[in-house]
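1. pasted the sequence and its predicted model underneath.
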Amino acid sequence: MILIVAFAVFIAAMVTCIVTGHSIVLGLAAGFVTFIVAGYFKGFKVKDTLSMAWGSIRETFIVVEIWLMIGLLTGIWRASGTISFFVYYGVLMVRPPLFIILAFVMCCVLSYVLGTSFAVSGTLGVMLMALANSAGVDPLLTGGAIMSGIYFGDRCSPASSSAILVANITGTDLMTNVKKMFVTGALPVCITLIIYGVLSVRNPLNSVDDTIMSALSTEFNLTPATLIPVAFIVILPILRFDIRWAFVGGIVSSGVVAVICQDMSVMESIGYSIKGYTPDSQVLSSIIAGGGLIEMIESCIIVTIACSYSGIFSGTNLLGEIQQLLERMMSKSGKFMVTLLLSLVTCGIFCSQTIGVMLCNDLMRKPYERAGSDKYELAMDIENSAIMVCALFPWCIAASVPLTMLGVDARALLYAFLLYLVPLCYIFTKAHWYKNKSKPEE
């Protein structure tokens with residue numbers, strides 16, 4: 001009964017924040033207090049419950065540190081011309097009969113490099129939508145291809161905050177997870193490419209408005225040197241360097257490129273990395289502007305509070321009854337099906353990818369352990385469920401923000417085939433990947 005009341009208060013607080021437009025930080029804070037009280041009624045002293053929460057929060061410090069670095073990176077990459085280089089030359093590669101499939105592929109590449117769906121949708125995505133609207137291509141189809149592409153990298157890039165979060169909370173190695181995500185994602189990506197290839201031929205690009213292209217070439221010196229920061233993000237993780245060193249290299253080298261190639265002062269480049277970039281051109285203000293460390297602060301607060309729940313739930317066993325129910329469901333439907341269902345429920349209610357991931361891990365960790373599964377299987381199941389399906393709910397942040405940037409409505413999600421195909425293909429292929437107990441690749 002205590003658990004039901006606690007979750008009812010938590011859900012009510014979250015729904016109130018969403019409906020009224022207030023930050024979900026307030027709802028999470030209310031949930032934190034509610035679960036502390038629930039622990040008290042179960043016989044745990046407040047100071048002991050706070051100690052449990054703090055123990056879990058300390059484990060999130062590395063995630064918060066990396067997220068702040070991502071903020072710095074997205075700001076300085078805008079200022080240095082790195083993102084603009086991808087946008088400019090990516091659009092030059094577009095061929096009329098292949099527009100849709102190239103839009104998908106370009107968004108996949110840029111989202112893998114940046115590790116963020118929002119930055120790609122707000123830059124390359126906006127540019128591609130402008131091309132589609134000016135050339136008679138179905139904007140909903142274009143929006144769907146972009147949504148598929150941006151969540152390719154959001155799921156499997158070593159620079160992705162969601163991939164880093166999953167690795168941290170499940171206690172798994174990030175690069176091992178990335179390898180497994182490429183393997184389990186190969187089939188849905190191939191199917192998606194075929195679908196967009198067929199649709200591209202049926203929806204060719206008729207003409208190109210070069211207004212934005214001219215503005216990009218005027219605003220930035222788009223030399224190959226702007227790609228130097230990308231090398232740090234792509235190569236260092238492959239060489240097994242700590243991802244934090246990759247971000248440091250990407251940030252510092254971007255600052256150097258901004259000073260040398262874009263004629264910025266050192267203080268200007270530092271300011272852009274902290275506050276976000278603001279272009280001189282009004283044409284580019286809705287495309288390149290943004291990023292910065294400040295933009296990530298709220299996300300860091302959200303993940304910190306959400307992670308505190310894990311310590312409370314584990315220490316007080318508040319989720320014991322729910323976990324027993326999930327175990328019974330697992331015996332009938334299988335582990336991934338239950339995780340997928342839980343992802344749909346948590347993401348649909350709380351409208352947040354981060355909260356969905358956290359709750360799936362908190363609720364499914366012990367059932368997976370008791371079923372003899374290792375932590376890598378749980379990490380993959382979360383990556384192939386919560387990370388993807390959250391973007392299918394129009395009211396969730398993962399969908400509403402990119403759709404708003406792209407200027408299309410929720411019908412575009414019908415064409416975001418990769419978001420459907422990743423979990424669907426995994427349902428039928430997981431037995432192959434885990435026919436033997438999964439072992440981490442050291």
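-> Right, received. Where do you want to start?
2. let me know the next secondary structure element after the helix or strand containing residue 107.
-> Using DSSP states H and E, residue 107 falls within helix 99-114. Next along the chain after helix 99-114, taking DSSP H and E as the criterion, comes helix 117-120.
3. and that next one, what does it pack onto?
-> Judged by 3 or more C-beta pairs under 8 Å, 6 or more residues apart in numbering; DSSP states H and E, the packing partners of helix 117-120 are helix 99-114, helix 139-156, helix 397-406. For the C-beta atoms, the positions are set from N, CA and C on the backbone; glycine is no exception.
4. from the contact counts, what lies against the helix holding residue 107?
-> Using 3+ C-beta pairs under 8 Å, 6+ apart, helix 99-114 is in contact with helix 61-80, helix 82-92, helix 117-120, helix 126-135, helix 139-156, helix 174-202, helix 228-238.
5. ok now it, how far from the chain's centre?
-> In terms of C-alpha atoms, centre = their mean, to the nearest Å, the centre of helix 99-114 is set 15 Å apart from its chain centre.
6. so which elements touch the helix or strand of the chain with the lowest mean pLDDT?
-> When each helix and strand of the chain is scored by mean pLDDT, DSSP states H and E, helix 126-135 comes last, with a mean of 76. Contacts defined by 3+ C-beta pairs under 8 Å, 6+ apart place helix 126-135 against helix 82-92, helix 99-114, helix 139-156, helix 397-406.
7. and the first one, what's its mean pLDDT?
-> For helix 82-92, the mean per-residue pLDDT is 81.
8. for it, C-alpha coordinates in PDB please.
-> The C-alpha coordinates for helix 82-92 follow below in PDB (Å, rounded to 0.1, in the frame of the first residue of the first chain):
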ATOM      1  CA  THR A  82      32.700  21.600 -37.400                       C
ATOM      2  CA  ILE A  83      28.900  21.100 -37.500                       C
ATOM      3  CA  SER A  84      28.500  23.500 -40.400                       C
ATOM      4  CA  PHE A  85      31.100  21.600 -42.400                       C
ATOM      5  CA  PHE A  86      29.000  18.400 -42.100                       C
ATOM      6  CA  VAL A  87      25.800  20.300 -43.000                       C
ATOM      7  CA  TYR A  88      27.300  22.100 -46.000                       C
ATOM      8  CA  TYR A  89      29.100  19.300 -47.600                       C
ATOM      9  CA  GLY A  90      26.500  16.800 -46.700                       C
ATOM     10  CA  VAL A  91      23.800  18.800 -48.500                       C
ATOM     11  CA  LEU A  92      26.200  19.100 -51.500                       C
END
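9. what sits closest to the residue nearest the centre of the chain if chain neighbours are left out?
-> For the chain, residue 154 is the residue whose C-alpha lies nearest the centre (C-alpha atoms, centre = their mean; 4.1 Å). In this structure, residue 154 finds its nearest non-sequential neighbour in residue 117, 4.2 Å apart by C-beta to C-beta, 6 or more residues apart in numbering.
10. so that neighbour sits against residue 153, correct?
-> Yes: in this structure residue 117 lies within contact range of residue 153 using C-beta atoms under 8 Å: 7.2 Å.
11. identify the contacts common to the two.
-> Both residue 117 and residue 153 are contacted by residue 111, under the criterion C-beta atoms under 8 Å, 6 or more residues apart in numbering.
12. the more surrounded of those two?
-> Using other C-beta atoms under 10 Å as the criterion, residue 117 and residue 153 rank with residue 117 on top: 30 against 25.
13. would you enumerate the residues in contact with the more buried one?
-> 111, 150, 151, 153, 154, 391, 398, 402.
14. pLDDT weak spots in the protein?
-> When residues are selected by pLDDT under 70, those of the chain lie in 1, 134-135, 207-209, 286, 433-442.
15. report the buried residues of stretch 206-216.
-> By neighbour count on 16 or more other C-beta atoms under 10 Å, the buried set for stretch 206-216 is 208, 212, 213, 215, 216.
16. now the end-to-end length of that stretch.
-> The straight-line separation of the ends of stretch 206-216 (C-alpha to C-alpha, to the nearest Å) is 22 Å.
17. show me how far it is from its chain's centre.
-> 29 Å.
18. touching it from outside, list them.
-> Residues contacting stretch 206-216 (C-beta under 8 Å, 6+ apart): 84, 87-88, 91-92, 94, 96, 127, 130-131, 134-137, 222, 281, 283-284, 287.
19. burial count for residue 371?
-> Counted by other C-beta under 10 Å, the residues lying close to residue 371 total 13.
20. for residue 137, see how far away residue 31 is.
-> The spacing between residue 31 and residue 137, counted by C-beta to C-beta, to the nearest Å, is 44 Å.
21. correction: residue 170
-> On the measure of C-beta to C-beta, residue 170 and residue 137 end up 40 Å apart.
22. try residue 77
-> Remark: distance between residue 77 and residue 137 (C-beta to C-beta) = 28 Å.
23. which one's more surrounded, the two?
-> residue 77 (32 against 24).
24. which ones are touching that one?
-> 83, 114, 229, 250, 254, 291.
25. any idea how far residue 369 is from residue 32?
-> 26 Å.
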